[in-house]
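In: Give me a 3D structure for the following:
(2 chains)
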Amino acid sequence: MKSSGSPEEAPPIVTHLTRVKLSLEPDSDPLAEAASGKSLITAAMVDHAGRQVAERYARVIAMMELLAVHGFVFRTREKAVFCYSSEVEAGVAKRLLLTAGFRDREFQIHLEYDRGWGML
Amino acid sequence: MGVRQSDLPLIKREDTWAIIIALGLTLLITFTFLSGGYAFFKAMAVNVPTWSNDVSKVTDALAKSGLGILYLFGFFILAFAFGAKVMGYNTQRFLTGFTVLFILSLIVTILGSNKYMKDLQLETPVLALLLGMLIANIGTLPAWFKEALRTEYYVKTGIILLGATLPFTIIMSAGPLAMMQATIVAVVTFFAIYLAATKLFKLDPRFAATLGAGGSICGVSGAIAVGGACRAEKEHVSIAISMVIIWAIAMVLFLPPMAMHLGMAPGPAGAWIGTSEFADAAGFAAASQYNALAQVPGADDTAVKTFTLMKVVGRDMFIGLWALMAAILSVTLWEKKSIGESERVDYSQIWRRFPKFVIGFFIASIFATVVIMMLDPKTGSAFSKDALSTVKTLRSWTFTWTFLAIGLTTRFRDLMNFGWKPLAAFTIGVIINVPLGYWLSNVIFQAYWMAVK
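Out: Now for the predicted structure:
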């Protein structure tokens, strides 16, 4: 069947969306155990927790800046920053982060593929 | 920036609209059957009689069903287009495209009901597939038509409608067996493809896992889920999908006549197709084609039922678990890291990747089963024979749109961009899968599948 209108270029078989989740919470929270209200805390503990959070935020900012250079855009929810790209593949994003000195445990990468057209 | 399908609100997902349309239709048919107004849906259930040279037979039947054809078209175009609008499709294009698809489905159904076509084994399912492929591969489809070629939208609606005609007691009794058979075949086929790809052809393990998932779990959906979970490259996922589509089409043409040639009964034949077909929509085409070829009295729908038990209940439901396993392997074994130092894995994907339309399938089955149980025997029997027969006919139409859409979206020139290694690895899986599926369906578990009516 020939198109009566303008035929569009064939879409790719799959499209993808890479999502890097950067938690804003540090790995360990010295106040977490005390948060139930059953144990006492000290000013030093709060100070330590504050510094951990600040350090974590600094790492997240550094990762965001790196990913922004490669065209990622950002959203935030559930105490995390989500970095999205439909251009950069997940493996490339991971290599970028590792090469820049970040560790596997500092991020979580999701890769979602979608059918490019209404096939099977 | 796109949004992941699973991040979309429920109301914007295809599965949700398939559930709304199919369950809504089942509810409406049930309600009107019991309280009045059923004539509308009864008329919608358009059947084309078998004909040979007597064209007047089919024209008379269509003339009598004129209003029913309009109802059928009107109901489904409104329902599908409303869902399409909410999901953000181009509604104008969808309306135009679906109109053409509907006309094609009428033509195919009329031709597929012709005795000479039947003698050539060109029943409606295969005819729709072949006609669609012919149109798609001799020219370029206009964009407005492509908008309506939503294979998954139609097949999911059809599967949920099928749920209403499949008693929940059958799902409960045959479901565990289907899961066991599916697991045996999926594990064997997955590792056959994976090992062939990695050990024989030295392909990347992520690519191998994606190929294995496409050949063993759930076709295109399996390749997409596992490819995403293990971070396979886009090109690799595309190749795995090409393999699935090419082999799925081949199996639609191969399995039904082979099942006939081997003298298989409808129950085991459907289970074999459910085990050895690579995609839901293609599998329904194959099972429907077998039913049409076999014409076994009293078992005209059995192969589709056992196919559904195997494919939907036995295989599709576990896609999330397979994806999780691939994700764990990806960040540990393949990256040579321990669980403690590896990237965190998202366990929520078990639910996120679960095909939600399956819930609609179960609800439809439970609903129809409960309705029959609550009615007195006479009314229950009438409901089963009349109302559920209407559901079955309407389901057949959704499958015809599905089969046409499969053909119309199978553009071989877009699917031929792969090397011989993935093709060889996938083919090894097929060579193991098909006889293993036959042996399990027609020898080991034959008695169970024969018991499904």
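In: Run a quick neighbour tally on the nearest residue to A:Leu97 once chain neighbours are set aside.
Out: Excluding its sequence neighbours, the residue lying closest to A:Leu97 (Cβ to Cβ, 6 or more residues apart in numbering or on different chains) is A:Phe107, at 5.9 Å. Yep, even glycine has a C-beta here, placed from its N, CA and C like the rest. Residues contacting A:Phe107 under the criterion other Cβ atoms under 10 Å in any protein chain shown number 23.
In: hang on, A:Phe107 packs against B:Glu343?
Out: Yes. Counting by Cβ atoms under 8 Å, A:Phe107 does reach B:Glu343; the two are 7.0 Å apart.
In: For B:Phe201, see how far away the residue nearest to B:Val187 when sequence neighbours are not counted is.
Out: Counting by Cβ to Cβ, 6+ apart, B:Val187 lies nearest to B:Ser216, which is 7.7 Å off, once chain neighbours are set aside. In this view, B:Ser216 and B:Phe201 are 17 Å apart by Cβ to Cβ, to the nearest Å.
In: sorry, back to before: ok, the residue nearest to B:Val187 touching B:Ala186?
Out: Yes. Using Cβ under 8 Å, B:Ser216 makes contact with B:Ala186 at a distance of 4.4 Å.
In: Neighbour count: these two, which is higher?
Out: Using other Cβ under 10 Å as the criterion, B:Ser216 and B:Ala186 rank with B:Ser216 on top: 27 against 23.
In: Near chain A, which residues of the stretch 251-400 of chain B are found?
Out: The interface of the stretch 251-400 of chain B toward chain A, taken as Cβ under 8 Å from any Cβ of the partner chain, is made up of B:279-282, B:331, B:335, B:337, B:341-344, B:346.
In: one more time with 7 Å, if that's ok
Out: B:279, B:281-282, B:337, B:341-344, B:346 (Cβ under 7 Å from any Cβ of the partner chain).
In: just checking, what packs against the helix or strand of chain B with the lowest mean pLDDT?
Out: When the helices and strands of chain B are scored by mean pLDDT, DSSP states H and E, helix B:412-415 comes last with a mean of 84. Here helix B:412-415 touches helix B:234-261, going by 3 or more Cβ pairs under 7 Å, 6 or more residues apart in numbering or on different chains; DSSP states H and E.
In: And the next helix or strand past the helix it packs on?
Out: Counting by DSSP states H and E, the next helix or strand C-terminal to helix B:234-261 is helix B:266-276.
In: Can you show me the CA trace of that following helix as CSV?
Out: Provided in CSV are the C-alpha atoms of helix B:266-276 (Å, rounded to 0.1, in the frame of the first residue of the first chain):
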residue,chain,number,x,y,z
PRO,B,266,-6.7,-30.1,20.4
GLY,B,267,-5.6,-30.1,24.1
PRO,B,268,-2.0,-31.3,23.6
ALA,B,269,-1.7,-29.3,20.3
GLY,B,270,-2.6,-26.0,22.1
ALA,B,271,-0.2,-26.9,24.9
TRP,B,272,2.6,-27.6,22.3
ILE,B,273,1.9,-24.3,20.6
GLY,B,274,1.9,-22.5,24.0
THR,B,275,5.3,-24.1,24.8
SER,B,276,7.0,-23.6,21.4
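In: State the mean pLDDT of whatever helix or strand comes next after it.
Out: Counting by DSSP H and E, the next helix or strand C-terminal to helix B:266-276 is helix B:280-294. Confidence over helix B:280-294, taken as the mean pLDDT, stands at 92.
In: most neighbours, which of the residues of the stretch 251-400 of chain B next to chain A?
Out: Highest neighbour count within these, by other Cβ under 10 Å: B:Ala282, with 32 neighbours.
In: what's the closest non-adjacent residue to that one?
Out: According to Cβ to Cβ, 6+ apart, the nearest residue to B:Ala282 is B:Ala248 (3.8 Å).
In: before we move on, what about B:Ser389?
Out: Once flanking residues are discounted, B:Ser389 sits nearest to B:Ala45: 7.3 Å by Cβ to Cβ, 6+ apart.
In: List the residues that contact that neighbour.
Out: Shown in contact with B:Ala45 (Cβ atoms under 7 Å, 6 or more residues apart in numbering or on different chains): B:390, B:393-394.
In: again with B:Trp334
Out: By Cβ under 7 Å, 6+ apart, the contact set of B:Trp334 is B:205-206.
In: now could you export just the CA positions of the strand or helix carrying B:Leu27 as CSV?
Out: Under the criterion of DSSP H and E, B:Leu27 resides in helix B:14-35. Output of helix B:14-35 as CSV, limited to C-alpha atoms (Å, rounded to 0.1, in the frame of the first residue of the first chain):
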residue,chain,number,x,y,z
GLU,B,14,-2.3,-0.2,27.4
ASP,B,15,-2.9,-3.0,29.9
THR,B,16,-5.4,-0.9,31.8
TRP,B,17,-7.4,-0.1,28.7
ALA,B,18,-7.4,-3.7,27.6
ILE,B,19,-8.8,-4.6,31.0
ILE,B,20,-11.4,-1.8,31.0
ILE,B,21,-12.6,-2.6,27.5
ALA,B,22,-12.7,-6.4,27.9
LEU,B,23,-14.1,-6.5,31.4
GLY,B,24,-16.5,-3.7,30.6
LEU,B,25,-17.8,-5.7,27.6
THR,B,26,-18.1,-8.9,29.7
LEU,B,27,-20.0,-7.0,32.4
LEU,B,28,-22.3,-5.4,29.8
ILE,B,29,-23.1,-8.7,28.1
THR,B,30,-23.8,-10.4,31.4
PHE,B,31,-25.9,-7.5,32.7
THR,B,32,-28.0,-7.2,29.5
PHE,B,33,-28.3,-11.0,29.2
LEU,B,34,-29.9,-11.1,32.7
SER,B,35,-31.9,-7.9,32.6
